[in-house]
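**Student:** what's the 3D shape of this:
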Amino acid sequence: MSILNKLADKKENFTRQEERVFNLLMADPKKFALSSIGDVAKQLDISKTTLMRFARSCDFNGYSELKKHLQREVLL
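**Tutor:** Residues are numbered from 1 along each chain as shown. Next up, the predicted model:
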């Protein structure tokens, strides 16, 4: 299963803030994969902790693991 499909399957359980992260990721997965946690947090006006919680709610150990898997899928 692709990471984008995996995330879409979890969407119904996201908080409002996590849904905003999801929407940004789905709008441009390549840009998201290349953005730092600080850049994404600033763009959405949320904390870095919210991004880490989003990654954990998607069954990743943290934001960096989510980003690494996303990069493998959308950049290669």
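**Student:** where does the prediction get shaky in this protein?
**Tutor:** Applying pLDDT under 70 to the chain flags residues 1.
**Student:** any idea where the helices of it begin and end?
**Tutor:** For the chain, applying DSSP state H gives helices covering 3-10, 16-27, 29-34, 37-44, 48-57, 63-75.
**Student:** make TSV from these and add mean neighbour count to it.
**Tutor:** In this view, the C-beta of every residue, glycine as well, is placed from N, C-alpha and C. Shown next, in TSV, are the helices of the chain (neighbours: other C-beta atoms under 10 Å):
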stretch	mean neighbour count
helix 3-10	15
helix 16-27	16
helix 29-34	16
helix 37-44	15
helix 48-57	18
helix 63-75	16
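**Student:** OK, contacts around the nearest residue to Lys6 once chain neighbours are set aside?
**Tutor:** Spatial nearest neighbour of Lys6, excluding adjacent residues (C-beta to C-beta, 6 or more residues apart in numbering): Cys58 at 6.9 Å. For Cys58, the contacting residues are Lys6, Leu7, Lys10, Leu66, by C-beta atoms under 8 Å, 6 or more residues apart in numbering.
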